[in-house]
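1. Got a predicted structure plus its sequence, pasted below:
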Amino acid sequence: MSLSSPFEDQSDALVNEINMTPFIDVMLVLLIVFMITLPVVNHAVKVELPRASVEEVTKDPQAIDISISADGELHWNKEAVSEAQLFTHLDGLASQEVVPNIRLFADQAVPYGRVAWVMANAQKRGLSKLDFVLQADKP
């Protein structure tokens, strides 16, 4: 039988346990916040790209035309070239002292990856002056 009363003041005793309730409450609130915001962050927005109103540019005889046809075929100044030939032409262009602008003609049906591939290969060689040639909107 114990001589101490259950109503005695036990404030002098050490507490050996951590109170986990506030920690669990905070973690549950964070979990709910992340569950609500995650679908919003991952949601892709459907965007209709703007049409370009272009103005006629003066003809630059020094500019190089790179065309990509609908089937992905490459053309250097209206002459069909392979990928290896394109690399050779780009290397030659990059070695010039005065680098002319590159005008990029890409068919509307060409996948974006093909256009990005041409741009990336030009950029690897230090050619950063790229112009996109667009067709003007009909009034």
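-> Received it, and whenever you're ready, just let me know what you need. Numbering: from 1, shown residues only.

2. going forward, measure contacts and count neighbours with C-alpha atoms only.
-> Will do.

3. all strands of this protein, in order?
-> 64-68, 74-76, 79-81, 102-106, 130-132 (DSSP state E).

4. Quick one, which of these gets closest to N19.
-> strand 130-132 (63.4 Å; Cα to Cα).

5. Make CSV from the strands of the chain and add mean pLDDT, distance to V26 and mean neighbour count to it.
-> What follows is the strands of the chain, written out as CSV (pLDDT from 0 to 100; distance: least, Cα to Cα, whole Å; neighbours: other Cα atoms under 10 Å):
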stretch, mean pLDDT, distance to V26, mean neighbour count
strand 64-68, 86, 56, 21
strand 74-76, 88, 58, 20
strand 79-81, 87, 63, 13
strand 102-106, 85, 54, 20
strand 130-132, 83, 52, 14
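
6. Out of those, flag the one nearest L14.
-> Closest among the strands of the chain, using Cα to Cα: strand 130-132, at 73.8 Å.

7. Dump the strands of the chain into JSON lines; add distance to T21 as well.
-> Listed next are the strands of the chain as JSON lines, based on distance: least, Cα to Cα, whole Å:
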{"stretch": "strand 64-68", "distance to T21": "64"}
{"stretch": "strand 74-76", "distance to T21": "66"}
{"stretch": "strand 79-81", "distance to T21": "70"}
{"stretch": "strand 102-106", "distance to T21": "62"}
{"stretch": "strand 130-132", "distance to T21": "61"}
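
8. Count the neighbours of A122 for me.
-> Applying other Cα atoms under 10 Å, we find 21 residues neighbouring A122.

9. Now do the same contact list for it.
-> L90, S128 (Cα atoms under 8 Å, 6 or more residues apart in numbering).
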